[in-house]
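# any chance you could fold what I've pasted below:
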Amino acid sequence: MSAPIVLPKWADLVVVPMLNVAIAFLISGLVVLLIGENPLAASRILFTGALGSAESIGFTLYYATDFMFTGLAVALAFRAGLFNIGAEGQAYVAGLGAVLAGLTCGALPRPLPILAGLLGAAAFGALWAVIPGYLQAKRGSHIVITTIMFNWLSYALMGYLLVNTLRKPGSMNPESALIAGASMMPPVHEILGALGIAGPVTPLNLSFVLALVCAFCLWLMIFRTRLGFEIRTVGVNPDAARYAGISPSRIIIIAMALSGALAGGVAINEVMGVEHRLLLEFTAGAGFVGIAVALMGRAHPGGVVVASLLFGVLYQGGAELAFDMPKISRDMIVVIQGLVVLFAAALDGLFRAPLARLLAYRS
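Numbers count the residues shown, from 1 in each chain. This next block holds a predicted model:
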């Protein structure tokens, strides 16, 4: 067995991911060329559509918010040695907690309804995640299998509730009633307007700031607290952790609960910030994108933030690209995302050996 390739931290966290993304975009450009479009023009439309105006930046950051929450959720589980595939279902069930808080606590003075919504989303997301965590810790059930199955259970549960229990009276659509205005997350354009700054109307709301705060708090917890040390120890070697007096079962349950709570941030962004009601499948695959974000970000909160912004650019810019170049459909954007995931995860070691030799030669 060959020895592991050790790179400087800056090279591992910055250079290798940048090379992976560059190669993924290069291959994507070749695919665009094969279907008869200009790759340079497509790249210009992609990045201009995502970053070319205040409105497009607002939409990019709005998409990135969802990916930030789910990426942090998956990254935290990674640190504990767990592969949480269930962030999608956890975020979906968290929407139930957010909307129940919005429907019942809307008469309270601000900011209590918003705080109730935050706690409701986090609590329901944590509850949906802690069950697979308990099964892994106490019954030996594999976390990948249980979290995948809990995604499907969440679809069935939420579909039943929206059709038979929470549906607004007199409505044929499977959606809940609107939450109270005091429970809604303030949009950024309204906050800027109150400060006398004119801004475009976008779905971007204060959930983006909350996601950044969660990323910073997660970094503090993982690298600056005893609990974070225990989580990293269990993730590296459960037997050594047990020998040191750390209970892997307790850490697994805690890590999954916190992971589910972070995934609940998607419900805060979507239910409380944009839709203001509970809809079928409002998560729109954000939980699965979070897996790619966590892999690309090396399960580090800072890396997750950067990777989320990249995927936000791909989502918003991809929509503009599909509109301006009909030959490049949304499926093509999915291909680009898949290539990013392929090189960031499966082919992660492709550039490590050449980069290590280059750095050794220069030194």
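# just the helices from the stretch 1-150 of the chain, written as ranges.
Counting by DSSP state H, counting those that start in this stretch, the stretch 1-150 of the chain has helices at residues 9-10, 16-34, 39-51, 54-79, 87-104, 112-139, 143-164.
# correction: the previous question concerned the stretch 201-350 of the chain.
Using DSSP H, counting those that start in this stretch, helices in the stretch 201-350 of the chain cover 207-224, 226-236, 238-243, 248-263, 265-267, 286-296, 301-324, 330-341.
# report the separation between Lys327 and Glu320.
Lys327 sits 14 Å away from Glu320, going by Cβ to Cβ, to the nearest Å. For the C-beta atoms, the positions are set from N, CA and C on the backbone; glycine is no exception.
# can you list the low-confidence ranges for the stretch 251-363 of the chain?
Residues of the stretch 251-363 of the chain meeting the criterion pLDDT under 70: 344-349, 363.
# try it again with 90
Applying pLDDT under 90 to the stretch 251-363 of the chain flags the ranges 284, 292, 295-298, 318-363.
# and Lys327 and Glu320? Which one has more around it.
Glu320 (18 against 11; other Cβ atoms under 10 Å).
# ok, the more buried one - contacts?
Residues near Glu320 by Cβ atoms under 8 Å, 6 or more residues apart in numbering: 45-46, 48-50, 56.
# what's the ChimeraX line that selects buried ones from these?
Buried residues among the contacts of Glu320 (16 or more other Cβ atoms under 10 Å), as a ChimeraX selection:
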select :45,46,49,50,56
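# closest one to Thr70 out of the contacts of Glu320, please.
Ala50 (19.4 Å; Cβ to Cβ).
# now stretch 310-323, how far from the centre of its chain.
17 Å (Cα atoms, centre = their mean, to the nearest Å).
# in it, what counts as buried?
Applying a neighbour-count criterion of 16+ other Cβ under 10 Å, one finds 310-322 buried in stretch 310-323.
# wait, doesn't Phe59 sit right on Leu204?
Yes: with contact defined as Cβ atoms under 8 Å, Phe59 counts as touching Leu204 (7.4 Å).
# those two: which has the busier surroundings?
Between Phe59 and Leu204, Leu204 has the larger neighbour count (other Cβ under 10 Å), namely 26 against 22.
# pLDDT value on that one, please?
At Leu204, the model reports a pLDDT of 96.
# from here on, count from 384
Fine by me, first position is 384 from now on; the one you just mentioned is Leu587.
# show me the contacts for it.
Leu587 neighbours (Cβ under 8 Å, 6+ apart): 441-442, 444-445, 448, 570-572.
# and those, which two are furthest apart?
Those two in those that are separated most widely, counting by Cβ to Cβ, are Thr448 and His572, at 14.9 Å.
# please say which of those two ends up with more neighbours.
Taking other Cβ under 10 Å, Thr448 and His572 do not tie; Thr448 has more neighbours (30 against 20).
# contacts only, for the more buried one.
Thr448 neighbours (Cβ under 8 Å, 6+ apart): 587, 590-591, 594, 648, 652, 691, 695.
# same question for Cys597.
Residues counted as contacts of Cys597 (Cβ under 8 Å, 6+ apart) are 451-452, 455, 645, 648.
# on that earlier part again, make JSON lines out of the helices of the stretch 384-533 of the chain and add mean pLDDT.
Output for the helices of the stretch 384-533 of the chain, formatted as JSON lines (pLDDT from 0 to 100):
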{"stretch": "helix 392-393", "mean pLDDT": "73"}
{"stretch": "helix 399-417", "mean pLDDT": "84"}
{"stretch": "helix 422-434", "mean pLDDT": "91"}
{"stretch": "helix 437-462", "mean pLDDT": "97"}
{"stretch": "helix 470-487", "mean pLDDT": "96"}
{"stretch": "helix 495-522", "mean pLDDT": "96"}
{"stretch": "helix 526-547", "mean pLDDT": "95"}
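# tabulate those in CSV, adding columns for distance to Leu610.
What follows is these, written out as CSV (distance: least, Cβ to Cβ, whole Å):
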stretch, distance to Leu610
helix 392-393, 23
helix 399-417, 27
helix 422-434, 37
helix 437-462, 11
helix 470-487, 20
helix 495-522, 15
helix 526-547, 19
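# and those helices: which comes nearest Ala623?
Among the helices of the stretch 384-533 of the chain, the nearest to Ala623 by Cβ to Cβ is helix 437-462 (15.3 Å).
# for that closest one, which positions count as buried?
Those buried within helix 437-462 under the rule 16+ other Cβ under 10 Å are 439-462.
# got the angle for it vs helix 684-707?
140 degrees (axes from the mean of the first three to the mean of the last three Cα atoms, to 10 degrees).
# now do helix 437-462 against helix 470-487, angle only.
Using the same axes, to 10 degrees: helix 437-462 against helix 470-487 is 120 degrees.
# on that earlier part again, of all the helices of the stretch 584-733 of the chain, which lies closest to Leu661?
helix 648-650 (8.6 Å).
# next, the buried residues of stretch 601-614.
601-602, 604-605, 611-614.
# and stretch 570-584, by the same measure?
Within stretch 570-584, the residues that qualify as buried are 570-572, 582, counting by 16+ other Cβ under 10 Å.
# and stretch 488-499, by the same measure?
For stretch 488-499, using 16+ other Cβ under 10 Å, the buried residues are 488-489, 491, 496-497, 499.
# could I get the CA-only coordinates of stretch 580-589 as CSV?
Extracted in CSV, the C-alpha atoms of stretch 580-589 (Å, rounded to 0.1, in the frame of the first residue of the first chain):
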residue,chain,number,x,y,z
ILE,A,580,-30.8,52.2,-0.5
ALA,A,581,-32.6,51.2,-3.7
GLY,A,582,-32.2,47.5,-4.5
PRO,A,583,-33.8,45.0,-6.9
VAL,A,584,-36.6,42.8,-5.7
THR,A,585,-35.1,39.3,-5.2
PRO,A,586,-35.9,36.3,-2.9
LEU,A,587,-32.7,37.0,-0.9
ASN,A,588,-33.6,37.4,2.8
LEU,A,589,-31.9,37.4,6.1
